[in-house]
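# Sharing a model that was predicted from the sequence below.
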Amino acid sequence: MPAINVSATTSRSRECSANGPLERAALAALRAPSLLNTQPWRWRVRDDSAELSADRSRQLTSIDPDGRLLILSCGIALHHATVALAAMGHRPRLTVWPDATAPDLLAVLRTGGPRQPTFADQRAFQAMMARRTDRRPSSPDVCIPGYRLEQLRDEVERHGAHLHLLRPDQVPVLIVAAAHAARIETADPRVRNDLARWTHRPAGHRDGVTAGTVVPQIPRRVPQREFLPNDDAGLAAGDGDDQSANYAILFGDGDEPADWLAAGQALSALLIAATERKISVNPISNVVEVEPTRATLAGLLCQLGHPMIALRLGVAAATPPPPEPRRPPAEVIDT
């Protein structure tokens, strides 16, 4: 396998090349998606370990008061780092929640013995680095084959969570829940302020939701969060309408921080597997941010699990959307 060279530009506009495998893995994990692209994590990398911590200063307390989506986002970053390590020829050794007295220290990642990267390792890493969040509605006449959806469900199961694929008769319930969640959040000035703060970032910030990745509000099966007014949205919606989209609920057996972290790792595995299979995944988070609509999703699961996030699945567009910005390594990784 060719050497994996991961580099990025720091806030001082100089090239920052990671040397050790753990630092390179933490650098690759900056590609992880997160709620409103808040990137709420910090890495502390030493010679033999990389510690992942939640960055509470980036928590959206009005939208995510318990930190459920913050921890889930960190779980995505954690799994991204393990995928990078495997592709570099190292066995990831992972310890989660290593210190009960430090609840924001989520995991410690170490390198195990060397291993020959497989083709699957390489493919997963390449998909992870290429993945983008596409908010455009899916094409009206192209459907995902059923066996592909089952493959995504199997991938989630392998990582300790579950994926419920909504039946056609359940989609109207999600439609009503998404509209209800939007009304509740729109009426809350704290939520409006948080949304405004993370969709109108100051110049020079490399986080938040940018206009170039947002599509105008158009009729679609399940209402999507309104990030920006239509005049400010910079990504053309195209001719899709989501009529061919599939919807799913990622859920866990419990609803504790350990379950949220595991759900994030499973979501990362799903995102990577979906990218490999040319499937676009768009999170629908507002339905889990609001207590009544989260209870509605639990009802769709027959109370057999705890909803972590809803997802729209569609065939990926031929042209990818613009990338979302990522924070400079110097702001996120302590070495």
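That came in fine, so what should we check first? Residues are numbered from 1 along each chain as shown.
# Strands of the protein, start to end?
7-9, 15-17, 41-45, 50-54, 90-96, 105-114, 162-165, 246-252, 279-284, 306-315, 333-334 (DSSP state E).
# Tell me which of the ones you listed approaches residue 205 most closely.
strand 7-9 (14.5 Å; CB to CB). Heads up, the C-betas are built off the backbone N, CA and C, glycines and all.
# I'd like to know the average pLDDT value across that closest one.
Over the span of strand 7-9, the pLDDT mean works out to 43.
# what does stretch 205-212 give?
95.
# Show residues contacting it.
Applying CB atoms under 8 Å, 6 or more residues apart in numbering, the contact partners of stretch 205-212 are 36-39, 197-201, 227-228, 232-235, 322, 324-328.
# now stretch 261-274
Under CB under 8 Å, 6+ apart, the answer for stretch 261-274 is 32-33, 71-80, 83, 96-97, 106-107, 124, 127-128, 131, 151-152, 155-156, 158-161, 163, 250-252, 280-281, 308-309, 311, 313.
# how far out from the middle of the chain is it?
Computed by CA atoms, centre = their mean, to the nearest Å, the separation of stretch 261-274 from the middle of its chain amounts to 8 Å.
# do stretch 66-75 as well
In terms of CA atoms, centre = their mean, the centre of stretch 66-75 is found 10 Å from the chain centre.
# So which bits of it are buried?
Neighbour counts over stretch 66-75 (16 or more other CB atoms under 10 Å) mark 67-75 as buried.
# so can I have a markdown table of those residues showing distance to residue 244?
Formatted as a markdown table, the buried residues of stretch 66-75 follow (distance: CB to CB, whole Å):
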| residue | distance to residue 244 |
| --- | --- |
| 67 | 35 |
| 68 | 30 |
| 69 | 28 |
| 70 | 32 |
| 71 | 33 |
| 72 | 27 |
| 73 | 28 |
| 74 | 33 |
| 75 | 30 |
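# which two in these are spaced the farthest apart?
Spanning the widest gap among those are 67 and 75, at 11.9 Å by CB to CB.
# any weak-confidence spans in the stretch 101-250 of the chain?
Within the stretch 101-250 of the chain, no stretch falls below the threshold (pLDDT under 70).
# same thing but at 90, please
113, 139-142, 203-204, 218-219, 231, 238-241 (pLDDT under 90).
# quick one on the thing from earlier: what residues do residue 67 and residue 75 have in common as contacts?
residue 260.
# re earlier: the strands of the chain: which one's closest to residue 137?
strand 306-315 (7.7 Å).
# got the CA coordinates for the closest one in PDB?
What follows is strand 306-315, C-alpha atoms only, in PDB (Å, rounded to 0.1, in the frame of the first residue of the first chain):
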ATOM      1  CA  HIS A 306     -33.200   4.700  22.100                       C
ATOM      2  CA  PRO A 307     -33.100   6.900  19.000                       C
ATOM      3  CA  MET A 308     -29.800   8.600  18.400                       C
ATOM      4  CA  ILE A 309     -30.300  10.300  15.000                       C
ATOM      5  CA  ALA A 310     -32.500  10.000  11.900                       C
ATOM      6  CA  LEU A 311     -31.000   9.700   8.400                       C
ATOM      7  CA  ARG A 312     -32.000  10.300   4.900                       C
ATOM      8  CA  LEU A 313     -30.400   7.900   2.400                       C
ATOM      9  CA  GLY A 314     -30.300   8.500  -1.300                       C
ATOM     10  CA  VAL A 315     -28.200   7.700  -4.400                       C
END
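# Give me the mean pLDDT for it.
So the average pLDDT for strand 306-315 ends up being 98.
# Run the angle between that strand and strand 279-284 for me.
For strand 306-315 against strand 279-284, the angle by axes from the mean of the first three to the mean of the last three CA atoms, to 10 degrees is 140 degrees.
# now strand 306-315 against strand 246-252, angle please.
Using the same axes, to 10 degrees: strand 306-315 against strand 246-252 is 150 degrees.
# Going by neighbour count, which residues of strand 306-315 are buried?
306-315.
# Including distance to residue 291, could these go into TSV?
Formatted as TSV, the buried residues of strand 306-315 follow (distance: CB to CB, whole Å):
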residue	distance to residue 291
306	12
307	11
308	14
309	15
310	15
311	20
312	22
313	25
314	28
315	33
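# which of those residues lies closest to residue 114?
Among the buried residues of strand 306-315, and counting by CB to CB, the member closest to residue 114 is residue 308, at 34.3 Å.
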